[in-house]
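Visitor: Below are the sequence and a predicted model; questions follow.
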Amino acid sequence: MITPHVDTHHAPALEVAGLSSGYAGAVVVREVSLAIGAGEILAVLGKNGMGKSTLLKAMMGFLPKMAGSVTIAGTAATRLSPHRVARLGVGYVAQEKALFQDLTVEENLKLAVRGPDFAAALAEVEASFPFLLQRLKQRAGTLSGGEQKMLLMARSLATGARLLLVDEITEGLQPSVIDRLAGVIRSARERHGTTMLLVEQHLPFALAVADRWAVLDRGEIAEAGASSEPDARARVLKHLSV
Ligand SMILES: Nc1ncnc2c1ncn2[C@@H]1O[C@H](COP(=O)(O)OP(=O)(O)OP(=O)(O)O)[C@@H](O)[C@H]1O
């Protein structure tokens, strides 16, 4: 028998091939294929309801895959539960509230990172989102949606996630905060070498932070390119305007 050789060292951090998914009978994500190299940041853009969140949930294993495959750093993840996908080093920063709302910021961190790693978690919070250090005793439910996502992102980075799937971190944030966020995320990537897939509606932020972009239109990748290309903004806008 020939055993297929899996080259985990040079494999992309994430490879999605022909992935279709959705909800009871409704196909929302249609034959999506994409690959992200280690340490690369990809922004997935698109209008409301085009399937961006559904794509992330399917990759994480929260939704059934109707077709296609997901490979994480060379390991087949198509049939894994969300728990097992997370154990491959995938951090999911969900759109809906994913923290224990009645526990404090500190308690939420402690539940995820135990013992000596807690100092590392606090160091990560300080390096990336220092405002959270002043909120350690505050209930997570009283943070804004965007602040909760920053806490989730810092927690994932501190627990060693190699790949972050981030659902609209800019949603509801003030423009001044969004302006700073791109730099914060790029510096977190530099510190940890983390690969990121950012689902975004905020085009200037997405192009500032991501190396590459892809537009999802009715569940399909309509167009993709590099953020550095001079016509990137115009090409994306073509899909976002009604
Ligand atoms: N739980 C669900 N059951 C059935 N259909 C759903 C469910 N969640 C989402 N959908 C449908 O799937 C489609 C894609 O939704 P999705 O949330 O993935 O879009 P999106 O691009 O992330 O948009 P948004 O930015 O508004 O979240 C929409 O038509 C939506 O109505």
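Guide: That came in fine, so what should we check first?

Visitor: that's a strand at Tyr92, yeah?
Guide: Yes. Checked against DSSP: H, G, I helix; E, B strand; the rest coil, Tyr92 lies within a strand.

Visitor: Show me what the spatially most central residue of the chain is bridged to.
Guide: Among the residues of the chain, the one closest to the centroid is Leu165, at 1.8 Å (CA atoms, centre = their mean). In this entry, Leu165 is beta-bridged to Tyr92, Leu197, by DSSP bridges.

Visitor: who's in contact with it?
Guide: Contacts for Leu165 (CB atoms under 8 Å, 6 or more residues apart in numbering) come out as 56, 59-60, 90-93, 196-197, 199. Using the backbone N, CA and C atoms, a C-beta is placed for each residue, glycine as well.

Visitor: 7 Å instead?
Guide: Leu165 sits next to 56, 59-60, 90, 92-93, 197 when contact means CB atoms under 7 Å, 6 or more residues apart in numbering.

Visitor: between the residues you listed, which is nearest the ligand?
Guide: For these, the closest approach to the ligand (CB to the nearest ligand atom) belongs to Leu56, at 8.1 Å.

Visitor: So that closest one sits against Val199, correct?
Guide: Yes. Here Leu56 lies in contact with Val199, judged by CB atoms under 7 Å, at a distance of 6.1 Å.

Visitor: Mind listing the shared neighbours of these two?
Guide: Common contacts of Leu56 and Val199, defined by CB under 7 Å, 6+ apart, comprise Asp167.

Visitor: hmm, who's touching the helix or strand where Val125 lies?
Guide: Under the criterion of DSSP states H and E, Val125 resides in helix 117-128. When contacts are defined by CB under 7 Å, 6+ apart, helix 117-128 is touched by residues 109-110, 113, 132-133, 154-155, 157-158, 184, 188, 191.
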